[in-house]
Structure formats: structure tokens, C-alpha cells
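Engineer: Let's see this in three dimensions:
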Amino acid sequence: MDLEHLKAEAEKVFSSEELNPVEKYRAIDQIVKPNLIVKGPIANRDNDEVADAKKPYGNDAEKSAMLTGFANNLRSIVRESAWGGSEPISLKEALGNSDTFDDDTWDLMESWIDHDRDYKWNYLNLIQFNLKNNRKDDDSGFWLSPQHFRMAAIIDSVSRELNADSPVGFDLDLAKSLYKNENQIPQAISSSVKELRHSS
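Structural biologist: Just a heads-up that it's a prediction; the model follows:
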């Protein structure tokens, strides 16, 4: 399938009123995967070719522009699905477990969140991460926006480190340093990312 045909097919998916957000992600993946080679940022197997971080889609300007456009649409889909609209909701509201922390702690963690970091997620990151980790349990949509998912994984990871005998409690400094880490998924939270899932 040539790029113009591929873009036209993708536009039908993005503009569909019948498909839910998860179905749109799957449909785009099914259009792109058999027609384009999109290298991942890391090798999962020996001899896997790895994308150049500065040119994740290679040297083809048209292909790069198309996949960047797809990433922008996919980012909007996951955010709007998670937030219930185009404007961000609070972390406390997104996680729905307001008893975990007092209001001051929620407000402090909210102040760290930078939703612009979502733009560091490229096409492949968005497709793979959200389809694997972020679907609602009924597949009707997505559970959390990328930055809220990162914070949920950080809260889970830091909570696992709690020592019942320690007077310190939840380590906010550790949580902040993990969130400020340049890596989207720091190694320290990878176990939580693999295990956290939406449940009704």
C-alpha cells in the first residue's frame, strides 16, 4: 500500500464515529504494521534494528510526517478517552482513590505533572504501550493519559518500598525524582508498569 492510500485508510479510522478508542488504535496498527517498517527504540531480540532517536521513522520525510501526524491523533485519542474530554483532569480524579493521600500531597504531585511530556511518545511508543498496558478492562477506551499512567506506576513503585516500621512513610522525594527522570519508563517503575491494569 502506498503512503497516500495508507493515509486515506488511516483518516477513515481516525474520523470514524463507530469505532471506540481502543478499536481505532488496533485498526491503525493493522493498517501500518503490514505496510511500513517502524523500528523500535530498543532491540527486543538479537539482530533487531534499532531506530535512531533523532529520526525514529528513518530518513523518509513523507513517512516521518505521516507517522508524526498519526502519533498526534493517537495521543489525542488516548488523552480524550482517559480525561473524558480535551482538558486534563487531576491525577486524584484520574486514579479515583482519593483516600490514598491527603489533599496537600495530591496537590504537590499534581504540580510535578507536565502533560507536554506526552509529545516525547512517538507513534510506536503510543501504539505498543497503550494497547498492551492501558486499556480499560472492557476494552471500551483507555484508562489513563500517559503522564497519569507514569505517576500511577511511580506511586505503586514507591509504595512497594514502604517499610511499616519507618516513620518516613511515602517517599515524596523519590517519587518526584522518578517523575523528573528523562526516561519515559525508568527501570525503577518497570515492574509496576507491567502489573498495573484498569479494573472496574
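
Engineer: Beyond the helix ranked longest in the chain, next helix or strand please.
Structural biologist: What stands out as the longest helix in the chain, according to DSSP state H, is helix 61-83. Where DSSP states H and E defines the elements, the next helix or strand beyond helix 61-83 is helix 91-95.

Engineer: That next one: how far from the chain's middle?
Structural biologist: Chain-centre distance of helix 91-95: 16 Å, with CA atoms, centre = their mean, to the nearest Å.

Engineer: List the neighbours of that helix that are in contact with it.
Structural biologist: 82-83, 98, 101, 106, 109-110, 113, 144-145, 148, 151-152, 155 (CB atoms under 8 Å, 6 or more residues apart in numbering). The way it works is simple: take the backbone N, C-alpha and C, and place the C-beta from them, glycine included.

Engineer: how about low-confidence regions in this structure?
Structural biologist: Applying pLDDT under 70 to the chain flags the ranges 39-59, 162-168, 200.

Engineer: any idea how far Lys63 lies from Gln184?
Structural biologist: Using CB to CB, to the nearest Å, Lys63 is found at 23 Å from Gln184.

Engineer: name the helices or strands packed onto the host helix or strand of Ala152?
Structural biologist: For Ala152, the element it lies in under DSSP H and E is helix 146-160. If contacts are counted by 3 or more CB pairs under 8 Å, 6 or more residues apart in numbering; DSSP states H and E, helix 146-160 sits against helix 61-83, helix 91-95, helix 103-112, helix 123-133, helix 172-180, helix 190-195.

Engineer: ok, back up a step: list the buried ones in the longest helix of the chain?
Structural biologist: Buried residues in helix 61-83, counted by 16 or more other CB atoms under 10 Å: 63, 66-67, 70-71, 73-75, 77-83.

Engineer: what's it packed up against?
Structural biologist: If you count contacts as 3+ CB pairs under 8 Å, 6+ apart, helix 61-83 packs onto helix 3-15, helix 21-32, helix 123-133, helix 146-160.

Engineer: on that earlier part again, would you convert the helices and strands packed on helix 146-160 into JSON lines that also reports distance to Arg26?
Structural biologist: Below are those laid out as JSON lines (distance: least, CB to CB, whole Å):
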{"stretch": "helix 61-83", "distance to Arg26": "11"}
{"stretch": "helix 91-95", "distance to Arg26": "23"}
{"stretch": "helix 103-112", "distance to Arg26": "32"}
{"stretch": "helix 123-133", "distance to Arg26": "7"}
{"stretch": "helix 172-180", "distance to Arg26": "30"}
{"stretch": "helix 190-195", "distance to Arg26": "20"}
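
Engineer: Can you check which of those helices gets nearest to Gln30?
Structural biologist: For Gln30, the closest of the helices and strands packed on helix 146-160 is helix 123-133, at 10.5 Å, according to CB to CB.
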